[in-house]
Every structure is written in C-alpha cells, then in structure tokens.
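**Student:** Quick one, fold the following:
(4 chains)
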Number of protein chains: 2
Amino acid sequence: MDKRELLLQAATKLFVERGFHATPTSAISKEAGVSAGILFHYFKTKDDLIVQLYVDLKMEFTDCVLKDVDTLKAGISKLRLIWTNSWKWGLENPKKFDFLRQADNSTYSEKIKSHPDIVKKYEWFFAYIDTYKENRFIKNTDTLFIMNVMFGLITSMVNQLRLNPKLENDSLFLEQAWEMFYNCLKP
Amino acid sequence: MDKRELLLQAATKLFVERGFHATPTSAISKEAGVSAGILFHYFKTKDDLIVQLYVDLKMEFTDCVLKDVDTLKAGISKLRLIWTNSWKWGLENPKKFDFLRQADNSTYSEKIKSHPDIVKKYEWFFAYIDTYKENRFIKNTDTLFIMNVMFGLITSMVNQLRLNPKLENDSLFLEQAWEMFYNCLKP
DNA sequence: TTTTAAATTGACTAATCAGTCAACAAAAGT
DNA sequence: ACTTTTGTTGACTGATTAGTCAATTTAAAA
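**Tutor:** Numbering: from 1, shown residues only, chains lettered A, B, ... in the order given. Coordinates of the predicted model:
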C-alpha cells in the first residue's frame, strides 16, 4: 500500500489520540509500519505533514458535503442535503472529523487559509450561500458568519449523534435537529 | 506580582500564538520574566500547568457568563443576558477565549471533564437549561446538545465581531444575531 | 534575634526529537 | 542488459526539552 497514505492515516489517528504536542514523527512512522526516514521523503518537515494532511482532509470533507447536491432542484432540500451529508461524513469518519476540529481551532488554521485549493473551494461554497441569500432561503447576513454558524451546528450534531448513536435513526430527533438548523438560518 | 499568575498569563499568550506543540516551558518562564525552575514549583509538570490554566479559565468564563443573571426575573431576557455576557467576555478576553477554544478541541478537554469544580459548574448550568425547557422557553431536547449548540453559536458570534468590530454597536446586526440564536433554541 | 519554612534562581542532565545520510532495493527507462 | 531514477531503510546527530537540584534569598514564626 502507498506509504504516504499509510503515514497520513497513522498521523490522523495519533494526532487525535495524543495531540500535536505529544506525537513524535517516530511514533507516526512506527504506527504506519514504515521506516523513520521515509516520512521526510514524502514531507519536508513534520509541520509540512500536518499542513498537507489538514488540506487533504478539508478537501475530502467539503467534497463530500456537496455530494449529489447538484442532482436536486434549487430549494431548501439542497440545504438539507448539505446538512445531512455533513454530519454523516462526521459520523463515518470520526478520526478525520476530530482532526479537522482540532486543526481548525489550532494555529494551523491560519497556515492553510491561503492554500489555493482551499481558497477555491471556499469561493465555491460562498457563491452557493450567496444564491441562497438572494433566493431568500436564508438570512441576508455576512456569508462567512453563516458558514461559521452552519459548521458549528453541524459539529454539535455530530457530537450528539456520537454520544447517542440510536438518534441517527430517530426521525423525530432528526426533524427537531434540522428544525434547529434551519430556524437559525431562515430569514 | 504573583509569579504563578505571571506564568499563567504568559502561557495563555504563547499557547494561543504558537500552540501547545511549539511552546516550551523555557519560553513561558522567559515571557513571564521569571526563572526556568519556578514553573515546576507551582506546577508539577507542563501538562499540569495546561490543565490548571484550562480549569481556571473555564471557571472564569462560566462565572462571567452567569453574571447578573439572577438579578433578572425568569424569562427570555435571562437567556439573552447569558448570550450577551458570553460574547462580550470573548471580545474582552481574546487570548483567554482562544485558549479555551483550542483546549476544548484538543486532548485536554477529556482531562478536565472529571474535575470537581468543572463538574459542579456544569451541573448548575444544566439545571438552568432544564428549567428553561420546563418553562417552554427552549426546545425540549437533550441538555448537553443544547449547551453545545449555544456555545457553538456564541463562538461564531465572537469570530464575527472580531472580524468586524463595528458590528458590536450595530443594533440591527445584534438583533439579527440574537434572532438566529433564539430561533435555533425556541420550541 | 534566631530558627524554620517557603520562594526563587539558573546551571545542569538525561531523554527525546526532528531531520540527515550513506547504503541498498525496486522500478522505470533506454 | 544496463543505466538512471525513485523509494526505502535505520543508524546517527545536533539541538532542544522537561524536569532536577544545590545554593541563595525572602518571608514567617517563635
């Protein structure tokens, strides 16, 4: 298997379990089952590995969030699909989701803001939100604020479903949670 | 001045600026203007310092959040005061707020969950939310979920006001933001 | 004043860590 | 077959780090 991928997987696991501060590169290569030196073949520095992993996962998440969204006609159902896609990805990829949470709230969040791929994806997402605002599906307030609020609510949703997995099939709870999400955003 | 306090202040600043992983104890004592050894007089280990700082700040925040709340009669105005107190504290104490965000999303969040003071404060807050549910001021859903959602929305609010400080005095925006907060929680 | 306890220093150490490198292996190209 | 490039190893190193400690100062108690 691709050793770069093995390293990224191992890094995700260890960073979430122990934090950036307590995860030496030696532990990462050991967990990945590769030699210590190879890490620096694929990544210039430890920081470089973290940033690449961060960008990779952010792209994976946003890609998944927008999955099948274009198959639906414009409307609130699109927003609901984005909502569902988001928390489902969080449940299916707990380690990756936790890594993103940790990185988003660390000093690394600054370091990826100017990354071309990230900038592009965000512009795309911004345009999406803007059309929603124009169509009066959501509040006409700052786009970044809206995005922030959305991700915050989705994170709470993932936390809640993790603590109580049964709720994932509890349509009453799902309706209530969606109501909270949409009531918050609607004009 | 109290050297323990100096160390905690320096630690808050550096952890936010550089992260846990890139802040050696030597840098903390240097920033605090004290000798390297004294840190280990007040704190058993570096981890102990982080946990104590984390608990201290969490207590300070929750204390401030509930400030003057008891002077108001029961009702939505109480909830609004909690909301205002929260984001105002975040604006007035940016470093502390950022530390809490970072710590809440790191491995340290697990380490303080069983701390007696924290447990007590949370029980108090939980009881508060429960009475709100009983009085039909907010949705009747899991209390922890509600708390999570509240803090998430407050974090977004602080971010937004930081990027655009003028909004703090923009009553139109404040009403809109409060509307988002309350619409999300109301039954 | 004398004695005891607590605070503070900074040089020191043992351990750890990020990153290097020479050697070797595998794959790809010619 | 032969050459070149790329991937891989693991021992090694220089720098850094958390934490110690004997010595000194400051404060408190008797």
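**Student:** Who's the closest spatial neighbour of A:Leu6, skipping the chain neighbours?
**Tutor:** A:Ala32 (4.2 Å; Cβ to Cβ, 6 or more residues apart in numbering or on different chains). The C-beta positions use only the backbone N, C-alpha and C, and glycine is treated the same way.
**Student:** Is the residue most central in space within chain A within a helix or a strand, and which one?
**Tutor:** In chain A, the C-alpha nearest the mean C-alpha coordinate belongs to A:Phe61, at 4.5 Å (Cα atoms, centre = their mean). In this structure, A:Phe61 sits in helix A:46-65 according to DSSP states H and E.
**Student:** Output that helix in PDB with nothing but the alpha carbons.
**Tutor:** Output in PDB follows, covering the C-alpha atoms of helix A:46-65 (Å, rounded to 0.1, in the frame of the first residue of the first chain):
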ATOM      1  CA  LYS A  46       6.600  17.500  10.500                       C
ATOM      2  CA  ASP A  47       4.800  20.800  10.100                       C
ATOM      3  CA  ASP A  48       4.500  20.100   6.300                       C
ATOM      4  CA  LEU A  49       2.900  16.800   7.000                       C
ATOM      5  CA  ILE A  50       0.400  18.400   9.300                       C
ATOM      6  CA  VAL A  51      -0.500  21.100   6.800                       C
ATOM      7  CA  GLN A  52      -0.800  18.600   3.900                       C
ATOM      8  CA  LEU A  53      -3.000  16.300   6.000                       C
ATOM      9  CA  TYR A  54      -5.100  19.200   7.000                       C
ATOM     10  CA  VAL A  55      -5.600  20.400   3.500                       C
ATOM     11  CA  ASP A  56      -6.300  16.800   2.200                       C
ATOM     12  CA  LEU A  57      -9.000  16.200   4.900                       C
ATOM     13  CA  LYS A  58     -10.600  19.600   4.400                       C
ATOM     14  CA  MET A  59     -10.900  19.000   0.700                       C
ATOM     15  CA  GLU A  60     -12.300  15.500   1.300                       C
ATOM     16  CA  PHE A  61     -14.900  16.900   3.700                       C
ATOM     17  CA  THR A  62     -16.100  19.700   1.500                       C
ATOM     18  CA  ASP A  63     -16.200  17.400  -1.500                       C
ATOM     19  CA  CYS A  64     -18.400  15.000   0.400                       C
ATOM     20  CA  VAL A  65     -20.600  17.800   1.800                       C
END
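**Student:** list the buried ones in that helix?
**Tutor:** Residues A:46, A:49-55, A:57-58, A:61-62, A:64-65 are the ones in helix A:46-65 that count as buried (16 or more other Cβ atoms under 10 Å in any protein chain shown).
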